[in-house]
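Enquirer: Just need the structure, nothing else, for what follows:
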Amino acid sequence: MTAAPADLLAGHPATAYFWGRVAGDGTVHRDRLAVRTTDEAAAETIRRIAGGEIAHETTSRAYAHDTDLSRTDDEYTVTVTGEDLFGTSGSLGLPVDGRGTYRFGAFATHRRELLRGLLEGCGTICFKSASGTVGISFVHDDAALLDVVQDLIDDGPVDAPYGDRSATSSGGSWFGIDDDAAADFGRWLYAGADEGDLFAPSRRRKLLRSLDQAPDVAFDRSEGEL
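Expert: Residues are numbered from 1 along each chain as shown. Sure thing, here's the model as predicted:
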């Protein structure tokens, strides 16, 4: 189990993963932070890092790419509250600039965990049956955050070209990793994850299933890459 850091703004694998989750699917106010996840284990990890309480409910939501389709999920919300929680003297602080843009420079040496948190917060992993490939994409209402995600991918050690951003039917934006690069990117993103608990087990299983289904990217689990 990864030790929870005392300072959530300091560079640390847990802080990188945490703020990726917050940016990907969280809401922040001066006295309240809430992070959503469909994975109970990930909710426990987020709570251990930042404190707070977990609420569980079953929700139905439209797919970001097509609002005519919906899915039902278990949703876990980790909520942290406190007076002036995110002020300069608050217990969490907030890695944003004056325009509300996330500043992730402190987590640059933990890019893998940061991107993993972002993917689990606002991304998708799937098997594309039409092309027989793994699909990885990022979806968010804030196009500026997707710019940050693309910069992180560009600066990473894995060559992962991606397509142009497109609009979703819900008014947000999305982009996908190129099909011929998605499998390697996914493997890198979850490599070594078992050494800690900074990942959603359900999302990792989804990646493994997708890798198994893709004939051109099959990999040997005994190699321990994930």
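Enquirer: Give me the residues contacting whichever strand or helix holds Asp74.
Expert: Per DSSP states H and E, Asp74 falls inside strand 70-81. By C-beta atoms under 8 Å, 6 or more residues apart in numbering, the residues outside strand 70-81 that reach it are 31-40, 42-43, 46-47, 50-63, 92. For glycine as for every other residue, the C-beta is placed from the backbone atoms N, C-alpha and C.
Enquirer: likewise stretch 49-56?
Expert: Contacts of stretch 49-56 (C-beta under 8 Å, 6+ apart): 4-5, 8, 14-15, 17-18, 33, 35, 40, 43-44, 47, 74-81, 92.
Enquirer: Any quick PyMOL command for the buried ones out of these?
Expert: In PyMOL, a selection of the buried entries from the contacts of stretch 49-56 looks like this (16 or more other C-beta atoms under 10 Å):
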select buried, resi 4+8+14+15+17+18+33+35+43+47+75+76+77+78+79+80+92
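Enquirer: from the contacts of strand 70-81, which would you call buried?
Expert: When the contacts of strand 70-81 are checked for burial by 16+ other C-beta under 10 Å, the buried set is 33-39, 42-43, 46-47, 50-52, 92.
Enquirer: Quick check: pLDDT value at Ser91.
Expert: pLDDT recorded at Ser91 is 50.
Enquirer: what's near enough to touch Thr109?
Expert: Contacts for Thr109 (C-beta under 8 Å, 6+ apart) come out as Gly11.
Enquirer: Pretty sure it sits in a helix.
Expert: Yes - checked against DSSP: H, G, I helix; E, B strand; the rest coil, Thr109 lies within a helix.
Enquirer: In contact with Thr58: list those residues for me.
Expert: Counting by C-beta under 8 Å, 6+ apart, Thr58 makes contact with Thr72, Asp73, Asp74, Glu75.
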